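>>> For reference, the sequence and a predicted model appear below.
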Amino acid sequence: GQQLNQSPQSMFIQEGEDVSMNCTSSSIFNTWLWYKQEPGEGPVLLIALYKAGELTSNGRLTAQFGITRKDSFLNISASIPSDVGIYFCAGPKYNNNDMRFGAGTRLTVKP
Amino acid sequence: NAGVTQTPKFQVLKTGQSMTLQCAQDMNHEYMSWYRQDPGMGLRLIHYSVGAGITDQGEVPNGYNVSRSTTEDFPLRLLSAAPSQTSVYFCASTRAGVGDEQFFGPGTRLTVL
């Protein structure tokens, strides 16, 4: 099937550090979405990207839609303890309503 | 607005039993979907609906049925539960298409013995 490959699988960082994670696919996506999931809850949308090359920020978060449309990056600057959670990339299959999610990057922030 | 609600929150079934997971939204969203989440994996789409009376299969539809008789409700039925269906199930809704922001419910944790 059409897979989204996220890396790294997990990260352990110190409070205040910057974080970078990415998502790649062998197929083209027209939309990239980044979600965060906290324990016991459903995912919450952080950033949505709709155009190749697009760079979008949401507070300390910045995400980019890769030029090839096969990848996307999420950066978190000056991490804080409440950034802890699992970050997922997601996108609909090309020309379809079928949504795909990556396996997630689990972020741990040490105070 | 309550957003997306799911019931029950937890459920234990025996192999072969049937049950329905309930999902409702009060945002008048057209698009609703069901996902399952297994340890170490992302969410996988089971079924989705683009409006009342319209449903379609996602990535992992086998063993599950859905119907969409109203805009608000999108129940997920397990006809004969199997241990492989042990998972956390999330329902989501979005105002427009799948590329729009999805609002997720709190999840149902299902264990099949």
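Everything's here; your move.

>>> does any part of the least confident helix or strand in chain A by mean pLDDT sit near chain B?
Here the helix or strand of chain A ranked lowest by mean pLDDT, DSSP states H and E is strand A:99-101, holding a mean of 90. Yes: using Cβ under 8 Å from any Cβ of the partner chain, strand A:99-101 reaches chain B at A:99, A:100, A:101. Where you see a C-beta, it was placed from the backbone N, CA and C, and this is true even at glycine.

>>> now that strand, how far from the centre of its chain.
12 Å (Cα atoms, centre = their mean, to the nearest Å).

>>> Remind me what it packs against, helices and strands.
For strand A:99-101, the packing partners by 3 or more Cβ pairs under 8 Å, 6 or more residues apart in numbering or on different chains; DSSP states H and E come out as strand A:85-92, strand B:43-51.

>>> which intervals of the chain have sub-threshold pLDDT?
In the absence of a named chain, this looks at chain A. Applying pLDDT under 70 to chain A flags the ranges A:1-2, A:94-96.

>>> actually it's chain B I care about, not the one you picked
B:98.

>>> In contact with residue B:6, which residues are there?
B:21, B:22, B:23, B:89, B:90, B:91, B:105, B:106, B:107, B:108 (Cβ atoms under 8 Å, 6 or more residues apart in numbering or on different chains).

>>> what are the phi and psi angles of the residue of chain A found nearest chain B?
Chain B sits closest to residue A:42 of chain A, with a gap of 2.8 Å, by Cβ to the nearest Cβ. Note on residue A:42: its backbone torsions stand at phi -80, psi 160 [degrees, to the nearest 10].
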